[in-house]
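1. Would you be able to build a 3D model of this:
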Amino acid sequence: MFCGWPAAAVLLSRSTDVFQNLALEDWIDANVDFAQRSVLLLWRNRPSVVIGRHQNPWAECNLPVMRQAGIPLARRRSGGGTVFHDLGNLNLTFFTSKKAYNRQRNLKVITDALRHLRPELDVHTSDRFDIYLKGRYKISGSASRLSRKSSYHHCTLLHSADCSALDAVLRPSCPGIQSNATPSVPSPVTNLMDHAPTLQWQELLDALADQYNAEFRAATPLTSVDPADEAAFPGIKRVAAELHGWDWTFGKTPKFGVQTQLMLGDGCTAALHMQVKGGMTESCELDVPSDWLPPPAGNQLSASLVGERFCPWRAGVAVAPLLQQAEDDLCAMRAKVPCVRSTDKPTEN
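-> You can find the predicted model right below:
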């Protein structure tokens, strides 16, 4: 175990990469002996969406909007709900032994620091271990992970996040998902800057470090670290690469089903039924009216999607050329009647 750290440490990550910071969490949890020490890690990310360990990304976030905006998706090791990160959101991770795990004590560090900074701020912790401002607006959400000997509890703190972006990306990508995955619980949110406009970042960081030292009876300075430094954190690049990969981000999604409708045009629809396991389509049934697509072609399409990575848009994209081919075949069989497609203008004989 990595034993060269003091009894308490307050660390500030120099990275704003979500995968590097989540990897740093995992590295500290796996390599630091918390029998006689505790650690607070402070970190921020460029715009990204982070889902909980047991969540379904297609049910939690708008993947097409994220892809267009260049916003990455990450799955963390802890449970809990989906959160949007940007540079206006501060993340705090409290590391202790499993025996010393205490979420209320950790959240007290935050609320006490805020009250000392701005006594007029009305902040309280809820029964769900969230922090609310004025009893209504959520400014911090929590999640945790307990191992055999260690534990960590991490939470967000909204300082000046882009709430419009948050609302745009935290919407389902695919209708009709049926799953036992952990759902997020939406709440009205606000930024600290909306209620304390003069609250600066460094002021907030210093107050949290001071309050942590006071609560844990330590005198450790705020120390910056670089999670890309393989010499300081051996093996951390491998951890970050694993968190970045499809197998972890999508492949760890709990098994789920999809029942939805595909619009074929002229008010006609096709019913799509899928079972997805490990992010891969395990079974697929596409029920298309026979006058749109002959049953053999529908079965061919369904079979082509089985064993592929689940993509809710792939079925709609794949069905289009088959519908066109079926229409052309039917037109060719009709008695000397010109084939009129929906996009063509009618012609006269």
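2. so what's the nearest residue to residue 21 once chain neighbours are set aside up against?
-> With C-beta to C-beta, 6 or more residues apart in numbering as the criterion, residue 21 has its nearest non-adjacent residue at 4.5 Å, and that residue is residue 43. C-betas here are computed from N, CA, C, even on glycine. When contacts are counted by C-beta atoms under 8 Å, 6 or more residues apart in numbering, residue 43 touches 12, 13, 15, 21, 24, 90, 91, 93.
3. Need the three-state assignment for the closest residue to the third one other than its chain neighbours.
-> By that I understand residue 15. Nearest in space to residue 15, with sequence neighbours left out and distances taken as C-beta to C-beta, 6+ apart, is residue 227 at 5.0 Å. Per DSSP: H, G, I helix; E, B strand; the rest coil, the local secondary structure of residue 227 is coil.
4. Could you do residue 157 as well?
-> Applying three-state DSSP to residue 157 yields a three-state assignment of strand.
5. In this structure it contacts residue 89, no?
-> Yes: counting by C-beta atoms under 8 Å, residue 157 does reach residue 89; the two are 7.0 Å apart.
6. Enumerate the beta-bridge partners assigned to the residue lying closest to residue 100 once chain neighbours are set aside.
-> Among residues not flanking residue 100 along the chain, residue 38 sits closest, at 7.0 Å (C-beta to C-beta, 6+ apart). Residues in a beta bridge with residue 38, per DSSP bridges, are residue 8.
7. dump the residue contacts of residue 38.
-> With C-beta under 8 Å, 6+ apart, residue 38 has these contacts: 7, 8, 9, 94, 95, 96, 100, 216.
8. ok so, going back, so which of the contacts of residue 43 belong to helices?
-> 21, 24 (DSSP state H).
9. Any regions of the stretch 151-300 of the chain where pLDDT drops low?
-> 264-265 (pLDDT under 70).
10. quick check: domain ranges of the chain?
-> The chain breaks down by automatic domain parsing into domains covering 8-249, 256-333.
11. Need the winner for burial among these.
-> domain 8-249 (a mean of 18; mean count of other C-beta atoms under 10 Å).
12. can you give me the helices in the stretch 101-250 of the chain?
-> 103-117, 163-169, 201-215, 236-244, 246-249 (DSSP state H, counting those that start in this stretch).
13. so can I have a markdown table of those showing distance to residue 312?
-> What follows is those, written out as a markdown table (distance: least, C-beta to C-beta, whole Å):
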| stretch | distance to residue 312 |
| --- | --- |
| helix 103-117 | 36 |
| helix 163-169 | 16 |
| helix 201-215 | 39 |
| helix 236-244 | 22 |
| helix 246-249 | 16 |
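14. Please identify which of the ones you listed is closest to residue 71.
-> For residue 71, the closest of the helices of the stretch 101-250 of the chain is helix 163-169, at 6.3 Å, according to C-beta to C-beta.
15. and that closest one, what does it pack onto?
-> helix 63-69, strand 83-85 (3 or more C-beta pairs under 8 Å, 6 or more residues apart in numbering; DSSP states H and E).
16. name the helices or strands packed onto the first one?
-> For helix 63-69, the contact count by 3+ C-beta pairs under 8 Å, 6+ apart identifies helix 163-169 as packing neighbours.
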